[in-house]
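>>> whatever this is, show me its structure:
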Amino acid sequence: MKKLFLLAIAVIGFTFTTNAQDIKFGFKGGVNFATLNGDDVDDALDGRTGYHIGAVAQISLLETIALQPELIYSAQGLDDLDIDYLNLPVLFKLKFAGIASVEAGPQFGFVVNDGFEVGEPESFDLSGAVGAGVEFGGFFGQIRYNFGLTDVVEDAEAKNSNFQVSVGYYIF
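Numbering: from 1, shown residues only. Coordinates of the predicted model:
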């Protein structure tokens, strides 16, 4: 798992150095509407309304295509079962109409805090992410759905499901 995290950081670092002609860097934050899905999740359990905050970069590859790595602290889980992650989404972004975009890609999550009283969550979560956004000058807004590909708890079918609404600002 540590090797995967270091590989992701190395890829992002390499991308920064090889495509330095058009890079934006900023911060974002917003609200999460998170839950767990799967055969082993009781439907009566309430999802968790949480938050996310972190850094975002946008690296233009072509005029309408960009790579968007992020480093986000994200409060997820259920209402009575908090699982907080340090998420590293690496998204491919297709820009159109001058201000709009769609994005998709993998998200690598690492548990940094949990509310488990019995047992432990898996320390790593692999998710897929799809979303859309708009940009006005340095300001941007995004909506995104993250769907878990790996189970959150060992020996239980329970995957993350998280809808996010974000706002942010590119500082340069």
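>>> contacting residues for the residue nearest the centre of the chain?
Per Cα atoms, centre = their mean, the C-alpha nearest to the average position across the chain is that of P89, at 4.6 Å. Going by Cβ atoms under 8 Å, 6 or more residues apart in numbering, P89 touches 68-70, 72, 105-108, 129, 146. The way it works is simple: take the backbone N, C-alpha and C, and place the C-beta from them, glycine included.
>>> filter these down to the buried ones.
68-70, 72, 105, 107-108, 129, 146 (16 or more other Cβ atoms under 10 Å).
>>> re the thing from before, tell me which two of the contacts of P89 sit farthest apart.
Greatest spacing in these, by Cβ to Cβ: P69 and N146 (15.0 Å).
>>> just the pLDDT at the residue nearest to the centre of the chain, thanks.
Each residue has a pLDDT score; the one for P89 is 98.
>>> cool, I9 as well?
62.
>>> tabulate the contacts of P89 (JSON lines), appending distance to G50 and pLDDT.
Below are the contacts of P89 laid out as JSON lines (distance: Cβ to Cβ, whole Å; pLDDT from 0 to 100):
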{"residue": "Q68", "distance to G50": "22", "pLDDT": "98"}
{"residue": "P69", "distance to G50": "22", "pLDDT": "98"}
{"residue": "E70", "distance to G50": "16", "pLDDT": "98"}
{"residue": "I72", "distance to G50": "12", "pLDDT": "98"}
{"residue": "G105", "distance to G50": "22", "pLDDT": "98"}
{"residue": "P106", "distance to G50": "21", "pLDDT": "98"}
{"residue": "Q107", "distance to G50": "16", "pLDDT": "98"}
{"residue": "F108", "distance to G50": "19", "pLDDT": "98"}
{"residue": "A129", "distance to G50": "16", "pLDDT": "98"}
{"residue": "N146", "distance to G50": "12", "pLDDT": "98"}
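>>> and of those residues, the nearest to G29?
Among the contacts of P89, I72 lies closest to G29 (Cβ to Cβ), at 8.9 Å.
>>> now the strand or helix carrying S101, how far from the centre of its chain.
In this assignment (DSSP states H and E), S101 forms part of strand 100-114. With Cα atoms, centre = their mean, to the nearest Å as the basis, strand 100-114 stands 2 Å off its chain's centre.
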